[in-house]
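>>> I'll drop the sequence and a predicted model, then ask my questions.
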Amino acid sequence: MNGNEIAAKDDALFRSIEYTGKNFYYAVGIFVTVIAFAAFLYLGQIISGLGVTGMAQPVSWGFYIVNFVFFIGISHAGTLISAILRLSKAEWRRPITRMAEVITAIVLAIGGLHPILDLGQPGRIWHLATSGRLQSPLLWDVTSITAYFAASTVYLFLPLIPDIAILRDRGTKPRWLYQFLSWGWQGTPKQHKVLNRTINILMIGVIPIAVSVHTVISYIFAMTVQPGWHSTIFGPYFVVGAIFSGIAALLIVMIVFRKVYHLENYLKEIHFSYLSILLLIMSLLWFYFTFCEYLTTHYGNEPDEMRVFFYKFSGDFAPYFWAMILCNFIIPVAILSNKKTRKIKGILFASFTVLIGMWLERLIIVVPSLANPRLGYPTGIYIPSITEWALFAGGIAVFMLGFLLFAKFFPLISVWEIQEGRASSIKEVAHRLRSYLPDELEEDEIKKALH
Amino acid sequence: MPRWGMVIDLNTCTGCGECAAACKIENNVAIVGPEESDMGRTMLWMDMLTEYEGEYPNVKVRYIPRPCLHCDEPPCTRVCPVRATYLNDEGIVAQIFPQCIGCRYCMAACPYTVKSFNWYRPEWPDTMESALNPDVSARPAGIVEKCTFCIHRLQIAKEEAAVENRDLREGDYIPACAESCPTKAISFGDLDDPDTEVSRLRRTARAFRLLEELGTEPKVYYLYEVE
Amino acid sequence: MKRNSTLILLFAGFVLVIGIVLAAILNDEQPIRYNHEKHIQDADLECVDCHRNVETGERASIPNIETCSECHDDTEDENEEIRKVATYVDEGKRIPWKQVNVVPDYAFFSHRRHVFLGKIKCETCHGNVASMVTPFSEPYREITMDWCLDCHQDRQVSSDCYACHR
Amino acid sequence: MSPKTIKFLQYASIAWIWIFVLSVDVWIISLLIVARRLHDAINASVGIGIIAIPLFLLIATALTYVFFGLQKHREVDETRGGNP
Amino acid sequence: MELTRRDFLKLLGVTSAATAAGALGASTIYSVPDHIFNRLVTGPRIETWKASVCTMCPGGCGVKVRLIDSIPVRVVGNPLYPVNKGAVCPMAEAGVEELFHPERIKTPLKRAGNRGENKWEKISWEEALKVLASRLETLTAKKAGGQFVLVTRDDHTTELDFVKSFMELIGSRNLIVENQLEFGVLPVFLSQGLWDAPAFDLANADYILNFGANVLDDGPSPIHYNQLYAHHRSRSPGHRPRIVHVDSFMSRTAAKSSEWVPINPGTMAAFALGLAHVIIRDGTYNKQFIEKHAFGFSRWKDEDGTWHDGFKSVALGKYYPEKVEEMTGVSAQKVVQLARDFAASKTAIAMSGGQAAKSTNGVYTQWAVYCLNALKGNLEQPGGVLFPKMMVAQEREGNDLAGLAGGAKESWFDNPLHARALSDLVSALKSKSPFEVDTLVFHRSNPVFDSPYKKELSTLLSRAPFIVSTSSFFNDTTVYADLILPEPVWMEKWDLSRRVPGLEFLHLGVQQPMMEPLYDTRQFGDVLIQVAESAGLEATVPRVNAYKDYIAGYARDIYLSGEGAIISKSAEVSWIEFLKKRGWQPYEYSTFEEFWKLLLDKGGWWDPFYPDPDPRRIFKTVSGKFEFFSQTLATAGEAIEKNLTGAGDERFLPHFDEPRFDLPDKRFPYNFMVYQIISNQMGRGAHLRLLQEMGGLISREYWRSWIEVNPTTAAFLDIAEGDAVKVTSAHGYVIAKAKLIPAMKPDLILMPFGMGQVFSNGKSGKPGANPLEIFAADMDHISKIPSWISTKVRLDKVDSNDVS
């Protein structure tokens, strides 16, 4: 079968690659400008020192660490969701997984760089190699993020191979790229077997890695004895938060690219509905964890903990705290639990609030604990500087640009998986259903029902 | 191997601030200027905590000089990714300036908030750099610094003792703060040697340590004031 | 093509200028062609005779007119270099030696400790000075921390960071 | 770009992945040794090491397996270029 | 532009600061004049120590300076020196910074623009001295030497003696020594006719009543008192003297006392007399002393047969505890309790300072407090009030220079009641009375910054004929000068520090240069000698060619007297006594040269022996007794008498005069007070970065002024910690951040002094606010000490952008 023929039915998926509109260049231009501005300010930071940020004593960590945690959190969208959906053989995953995986890979790269932005002496980063110490949670991070990045890139790449081969066969330019990356895929059954087997292995492997990454990031805080940080719940709390924000990010990306590239045929309301129910569940779960976290603190009533607690509840950080509750819980639950509002627009709005809320959550975790030192110091102040804002914007711009470029070179929806679905999944589902149900069903009945 | 420690008597400390000033001059700690200070970037290896207790007219004031507490179980050294800070054999929590990458994790982890960061390259008025203490390095921008118990003095004292072919004696090595304290509120010495002033003082009933409940085992002891 | 060659020319010029500036700035030629060999072998001097702090101080000290003038004060000498010394002495100007071995300020390196207490030969770090006929224009060997540490471990002296860093 | 170059690039990338993975593992092992020498909290280090080292190897193995698997199970020799 | 190697490396260092600084060490870190830089890099790094005396404040601490290759790098206390026993305060630490300060005035300057414009033109010393000398010549020719006015400050060095001699020489009595009455001199003068600061033997006292003297922060020698207080506190509670501190706010001194008694501002006289009331009523005063050595305790009859009131009748009349409670805000119970404690303790001292002196009723307040000592009869007793011997050189019939001053028998400067004060300068500039000003010299003095006459002076000075300043730095007063003759800083100077007020022993510290003056500066003593010379006064004056010779002569007198000893390690009195008895000395010196060398080496000389008690030595009054009824005051003359408060005999007795407050207006409900911080006494550290930062060590408002408010008041005004607040008086306003401090009276607004110098260091701008801006320029009319507590203010919350 010829690649062209295979793809003919799904031509829409290749439009973004083979046709470049004006808007693409505008978008790239805007993102590059933002990134260049951020890079310029970062250069300034390297030259004159971290003084250009708003950090000080005792608030010695600010936006960079907040964004680090936030971006790494979003990265959970991806691999984790796609792996879970694949593992649970949810058929509706097919158009979603690719996007999720791309988010993961790009955002991880951005997030992973944030600690370097945060270094006072980035030139000495090689000290990590020559005299790093594994007992520091920071190195756990380095290791686990590297591992996760490696795994998720591979996990993105392997299911991409058949699609690359399709592109190669369609003769899309740059040809050498697709030739190089397709690794000689020809779609033979044995190749399929090899690929599927590996994907399955990775799928199982990547879930614990992803969970561990965010757990370990929470350990950066939880391993210290600082009030508000030293908590056993932090690991799962961060993971839940990460998945939560990841789904929100995924939803936004899906909605945006569906609109931009006219993928309405592939991403249907049902996908959003399913995912948004997942988001709703995560929102409730997040709230549960938040509740647990703060209830124990409040009940324990340790003075130092309480200072941080009230700093968040009624002090300087109260607006952010309550905004977080609003964004992460009240709005999403209100929108998503109602069938009427659980439409694309509503979901988009809820996802945005969740992203903002989760970012606020990271801010609320990082800053108040530092701002309230234990001894008789005054409360610290933290007002982020233009550099920090610019680098935040830069990070987002890098993400968008990365996604855009990816979409420019590779299909955002796994073509071969869609085709595979068409070809074999009805049968498979029927087969599966039959194995679930108590009574023997005739194949015809199921087929009838499915049509 | 000695285990260096400090005892600060809050009873005799009058809060004059000489320890802090002596520390700044001795260790070439940068003076950051008003704008930076307003942001909270003042660098004090020896800080002063002032506590007011009670309400008018029954008020008590307590001045607590606060160097690095050189914990025996330091929360800061565990988290350092590059061993720029570690607990050395003599009980000093070392801060190796050329090794530090500036991640500030130790600052975040220190429950006593003793560390300062060079947000900018420390600068002195042109002519003044000649008067910096040549025994202590001037730090570049982007690294964390803190009280070292005036380690340069130990290095020199050890050499002096070696030249005279003898062991270190009590009083050979004293940090600038302890040396300059007008009221002798700060004593310094070997905590493991039961005969030293510090060992004697820290065994008294008045001795306490800051945030003892955290289990950091600071080697800076305080003596409660008595009225 | 033409544009390319212009660019190359410009670049070459740029490199040249930088090179010249660098050479001018980093020129480490000493003001006087001091001859260690003559002083050590012919005049039978010990290192410590001129580098007087080497056994008592942190720095070995570079001898200047106070020390040189003890022997050289004759501006009439045939040797041009000696005349230079004498001129400095006469005018009471200090000889602008360029320091070659610089210990970074964050390292505590004491000559007394190494020479007097550790009994380390000058040659170990500074090479065979006795046969040098020109002054130092660059350090005899690059002194790295690894090199320090190797020696410290061989001799079983402290290799705690705080033994040297400050 | 000639098929040969592409072949070379493909092999090179596999080699690069192995170099990367092995260097990460060597790094972790060296850090373990350093940790032991400096009496660091060894359990954390070992824990990280035990998980991370095989993990990286797994990733590299998976890639290699796929690569060679795909090469092996080709039906047409695509190096001759163009569409089969 | 010359590009040096160092600059180039710096350039590189911008992009890779870490590596450059690391690899090249000192070369990138230091950027200093080349000769010093060379010494730093190639120098043998040899450490030496030199002894000197710090004169950043009048405390006179002996210091040792650490020099590396002859560059001063650190100042520490001289452990042998008896005043500070090896300790210094942050001000001394900043000495190195002051020495190398980039904004020092490096050459003599002539005004180029208008006054206050701060535009200058360099001139040579010869020119500068010629200008000054010609003015002096004209004045002396006219016999109008009095128009040469010198404003200075007593830092307890012999320089003041030298200056006095000079002024006598040119026939001017218009020497204004700003702080000469600040150390409790006046009550001693009134009661004993002695112009000498009393030394309180705090070390041996069992009970110390301190009326507002914040001796730990701005006493005559803060470090000495810090050590004394700490010494007491280091003893176990049972064996420790009880220190009661009476003040309106809890200063550091109060915090380190056993008890703080809050009191209404300006009412300490009433409180002291209330104590006297209880003591006299109880009959627990020292009857023996009163009978034998006191005059005017009971009613007495003068030669004319008129009966006069005595202290007893005054105290018993008005000052019963309930009345005192009404006046002072201290409960009657407390008054009785303190009086009884005071009377019951073995040795007790009552001392005063701070607001007790700096108020409109300061003289009577200090006097009333001082009289408590007489009730206790503790004069010349251990644990009481001591009066150390005069310096040998002082005792001799005038010193060398004074002797030449035209044989003035009685110095003009020996009567504190007639001493010139800053207020005299203000009125002189305004109305040419009590004297006319032709040439005005400001030496060690910066009244436009640190006096309440700030505003008046700044307008008056711009109209004054000719102003000279000797400051080493530009300051608020220097900008009005026509001529700046910069002095070297203390590390480059020769001087002799002699007896700090309040110390019970004699001591002498040598201030010697640490290095050649960095810039073209000259010491004031030398300037005076040279000016006198070129003004043609050499026929009569200087036998000395340089000020250094003068102090050497001073030291020679001491050497010749054979008394005391060079300070030494075991400087215990008993040890020296032991040696002396056997005719030995701690150090051997057989010639003056040896003595001098040893003096320079060790840094000082002292004489710890207290002479045997002798009433004739300490009571120089008409009656030869301690006078409760001051006949000195009664005979002081019309000019003084018209300023006395009270009615009838009360005028010559300690009494409580209601303090005058500026505008007792409802709009300004709060009392405003100012206090000093040890690291910036009198704002003399305003140009130093270290001290600007250290000033905020306790308040955590580095480089800034702040305003202290009681939390109760703050709650009433809806002010939170850190809010910007505006303090408004009838004379202006200042804005700073609010600090909520419970340790002060609720109706008080408190502000630290020392910030807000307009023309201080350039780079740091002009941080902080000067509370004196809003001061009511009132004073005690007897002593002419400006009142620092008379201002009434209002407090408002404002936008935080206005904070300076």
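Perfect, thanks for sending it.
>>> what residues does chain B put near chain D?
Contacts of chain B with chain D, taken as C-beta under 8 Å from any C-beta of the partner chain, map to B:R78, B:R83, B:Y86. No exception for glycine: its C-beta is placed from N, CA and C like everyone else's.
>>> Need these in CSV (columns: pLDDT, distance to B:E170 and neighbour count).
As requested, these are exported to CSV (pLDDT from 0 to 100; distance: C-beta to C-beta, whole Å; neighbours: other C-beta atoms under 10 Å in any protein chain shown):
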residue, pLDDT, distance to B:E170, neighbour count
B:R78, 88, 31, 22
B:R83, 87, 31, 22
B:Y86, 91, 26, 24
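>>> Counting only strands, which of these make the cut?
Of the residues of chain B next to chain D, the ones assigned to strands by DSSP state E are B:Y86.
>>> residue ranges with poor pLDDT in chain D?
Counting by pLDDT under 70, chain D contains low-confidence residues at D:1, D:76-84.
>>> Tabulate the residues of chain B next to chain D (CSV), appending distance to chain E.
Output for those, formatted as CSV (distance: C-beta to the nearest C-beta, whole Å):
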residue, distance to chain E
B:R78, 25
B:R83, 17
B:Y86, 20
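>>> so who does the residue in the stretch 401-550 of chain E that chain B sits nearest to touch?
Closest to chain B within the stretch 401-550 of chain E is E:L518: 8.0 Å, counting by C-beta to the nearest C-beta. E:L518 makes contacts with B:T127, E:L99, E:F100, E:R104, E:E492, as judged by C-beta atoms under 8 Å, 6 or more residues apart in numbering or on different chains.
>>> Intersect the residues you listed with the contacts of chain A.
Of the contacts of E:L518, not one also sits near chain A (C-beta under 8 Å from any C-beta).
>>> and of these, the nearest to A:G228?
Comparing these against A:G228 with C-beta to C-beta places E:F100 closest, at 45.2 Å.
>>> Thought B:S130 was touching the closest one, still the case?
Yes: proximity of E:F100 to B:S130 meets the contact threshold set by C-beta atoms under 8 Å, at 6.3 Å.
>>> Where does the prediction get shaky in the stretch 351-451 of chain A?
Low-confidence segments of the stretch 351-451 of chain A, defined by pLDDT under 70: A:440-443, A:445-451.
>>> and it, which of its residues are near chain B?
Residues of the stretch 351-451 of chain A found near chain B (C-beta under 8 Å from any C-beta) are A:L370, A:P373, A:R374, A:L375, A:G376, A:Y377, A:G380, A:I381.
>>> Can you name the residues that contact B:T12?
B:T183, B:K184, B:A185, E:A230, E:H231, E:R233, E:S234.
>>> Now do the SS call for the second one.
Assigned state for B:K184: coil (three-state reduction, DSSP: H, G, I helix; E, B strand; the rest coil).
>>> Right, and chain B sits closest to which residue of chain C?
Residue nearest to chain B within chain C: C:Y106 (3.6 Å; C-beta to the nearest C-beta).
>>> tell me, how many neighbours does that residue end up with?
C:Y106 has 21 neighbouring residues, counting by other C-beta atoms under 10 Å in any protein chain shown.
>>> can I assume it is in contact with B:C100?
No: under the criterion of C-beta under 8 Å, C:Y106 makes no contact with B:C100, lying 10.9 Å away.
>>> Next up, the contacts around A:S369.
By C-beta under 8 Å, 6+ apart, the contact list for A:S369 reads A:F221, A:Q226, A:P227, A:G228, A:W229, A:V308.
>>> ok but C:G13 is inside a strand, no?
No: looking at C:G13 with three-state DSSP, it is helix, so not inside a strand.
>>> top of the contacts of B:T12 by neighbour count?
Within those, most neighbours by other C-beta under 10 Å means B:A185, with 27 neighbours.
>>> Which strand or helix spans E:M673?
strand E:670-675 (DSSP states H and E).
>>> CA atoms of that strand as CSV?
In CSV, the C-alpha atoms belonging to strand E:670-675 read as follows (Å, rounded to 0.1, in the frame of the first residue of the first chain):
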residue,chain,number,x,y,z
TYR,E,670,2.0,63.9,70.7
ASN,E,671,5.3,64.5,72.3
PHE,E,672,8.2,64.1,69.9
MET,E,673,11.5,62.8,71.0
VAL,E,674,14.7,61.9,69.3
TYR,E,675,17.3,59.4,70.4
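>>> In contact with E:N680, which residues?
By C-beta under 8 Å, 6+ apart, E:N680 lies in contact with E:M91, E:A686, E:L691, E:Q692, E:M694, E:G695, E:P752, E:F753, E:G754, E:M755.
>>> which residues sit in contact with the closest residue to it other than its chain neighbours?
Once flanking residues are discounted, E:N680 sits nearest to E:G754: 3.6 Å by C-beta to C-beta, 6 or more residues apart in numbering or on different chains. Each residue near E:G754 by C-beta under 8 Å, 6+ apart is listed here: E:Q676, E:I677, E:N680, E:Q681, E:M682, E:G683, E:R684, E:G685, E:A686, E:G695, E:G768.
>>> now A:N372
Per C-beta under 8 Å, 6+ apart, neighbours of A:N372: A:P227, A:G228, A:D304, A:R307, A:V308, A:Y311, A:T379, A:G380.
>>> Let me know the distance separating the second one from chain C.
This points to A:G228. 33 Å (C-beta to the nearest C-beta, to the nearest Å).
>>> Over to the third one?
A:D304 sits 32 Å away from chain C, taking C-beta to the nearest C-beta as the criterion.
>>> Tell me, how many residues neighbour that residue?
Neighbours of A:D304 under the rule other C-beta under 10 Å: 21.
>>> what's the next secondary structure element after the helix or strand harbouring A:A350?
Here A:A350 sits within helix A:344-371, counting by DSSP H and E. Once the chain leaves helix A:344-371, the next helix or strand it forms, by DSSP H and E, is helix A:386-409.
>>> Kindly calculate the angle that that next one makes with helix A:344-371.
140 degrees (axes from the mean of the first three to the mean of the last three C-alpha atoms, to 10 degrees).
>>> From the contacts of A:S369, which land in strands?
Among the contacts of A:S369, DSSP E puts none in strands.
>>> Buried members of those into PyMOL, please.
In PyMOL syntax, the buried subset of the contacts of A:S369 is picked out as below (16 or more other C-beta atoms under 10 Å in any protein chain shown):
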select buried, chain A and resi 221+226+227+228+229+308
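>>> restrict the contacts of A:S369 to those near chain B?
A:Q226.
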